[in-house]
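**Student:** Sequence and predicted model, in that order:
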Amino acid sequence: KNEVEQSPQNLTAQEGEFITINCSYSVGISALHWLQQHPGGGIVSLFMLSSGKKKHGRLIATINIQEKHSSLHITASHPRDSAVYICAGTLNTGNQFYFGTGTSLTVIP
Amino acid sequence: NAGVTQTPKFRVLKTGQSMTLLCAQDMNHEYMYWYRQDPGMGLRLIHYSVGEGTTAKGEVPDGYNVSRLKKQNFLLGLESAAPSQTSVYFCASSYGNQGLRWNTEAFFGQGTRLTVV
């Protein structure tokens, strides 16, 4: 069983739709990360959060420590948002990341 | 502002050949990591380093060796490549422990696509 589970695995949306990607984890973590990976490209860190909510442009990330759950929301989705979104948790020691398998998002014009 | 740079970006090896992947970061990060990414699986940690001159095994270390002779560089070596090592390899770095506060925001390289035939 993976320590970090994401859902859905694949997601197709129409341009303009509101998108939610979920992440649940079973280990005790000090921080939760959301990463973005474009096809054939590198991995970019979107958010790192340990409580509450963070917003950057059309992206919003929330975390509920008690429920061990985080969500990534994309408002007014656009085809350029098409990518794989990965959540990862880091332990208190900071030397271990636990990665989810990713959610592949396709936004259709 | 280069961030994390991996070389090479692509490589094809024959079984049994050796090679070294280079990761360089210019952010003065203490922590550096090597991961492999395979279809349907999350990123898996191969080896990591918590500072210059130190290395440690991750989840899937077999068949790989690493060295961190300089703080900014983390090398991943394959002594005798096998087809099972066909993968995309990512290097990452982070600040680590800044005093009492952990800063684990990770910065990733562009990846190295390795094929072993």
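**Tutor:** Here it is on my side, so go on. Numbers count the residues shown, from 1 in each chain, chains lettered A, B, ... in the order given.
**Student:** you'd agree residue A:80 is in a strand?
**Tutor:** No. Residue A:80: not assigned to a strand; according to DSSP: H, G, I helix; E, B strand; the rest coil it is helix.
**Student:** Quickly note the distance from it to residue A:105.
**Tutor:** 11 Å (CB to CB, to the nearest Å). Glycine gets a C-beta too; all of them are placed from N, C-alpha and C.
**Student:** higher neighbour count, those two?
**Tutor:** Using other CB atoms under 10 Å in any protein chain shown, the more surrounded residue of residue A:80 and residue A:105 is residue A:105, with 21 against 9.
**Student:** Tell me what that one is bridged to.
**Tutor:** residue A:11, residue A:83 (DSSP bridges).
**Student:** My guess is it contacts residue A:81. True?
**Tutor:** Yes. Under the criterion of CB atoms under 8 Å, residue A:105 makes contact with residue A:81 at 6.4 Å.
**Student:** overlap in contacts of these two?
**Tutor:** Counting by CB atoms under 8 Å, 6 or more residues apart in numbering or on different chains, the common neighbours of residue A:105 and residue A:81 are A:19, A:74.
**Student:** Would you state the strands of the chain in chain order?
**Tutor:** In the absence of a named chain, chain A is used. For chain A, the strands defined by DSSP state E occupy A:4-7, A:10-14, A:19-25, A:31-37, A:43-49, A:52-56, A:59-64, A:69-74, A:83-90, A:97-99, A:103-108.
**Student:** Can you look at chain B instead?
**Tutor:** For chain B, the strands defined by DSSP E occupy B:4-7, B:10-13, B:19-25, B:31-37, B:44-49, B:56-57, B:64-67, B:73-78, B:87-94, B:96-98, B:101-103, B:107-108, B:112-116.
**Student:** Identify the residues contacting the residue nearest to residue B:78 when sequence neighbours are not counted.
**Tutor:** Closest residue to residue B:78 apart from its sequence neighbours, by CB to CB, 6 or more residues apart in numbering or on different chains: residue B:19 at 5.5 Å. Applying CB under 8 Å, 6+ apart, we find residue B:19 in contact with B:11, B:13, B:77-78, B:81, B:114.
**Student:** and if you look at residue A:81?
**Tutor:** Counted by CB under 8 Å, 6+ apart, residue A:81 has contacts A:19, A:58, A:74, A:105, A:107.
**Student:** from the residues you listed, which would you call buried?
**Tutor:** Buried by 16 or more other CB atoms under 10 Å in any protein chain shown: A:19, A:74, A:105, A:107, out of the contacts of residue A:81.
**Student:** Verify the stated contact: the second one with residue A:18.
**Tutor:** Yes. With contact defined as CB under 8 Å, residue A:74 counts as touching residue A:18 (7.3 Å).
**Student:** Many thanks, I have nothing further to ask.
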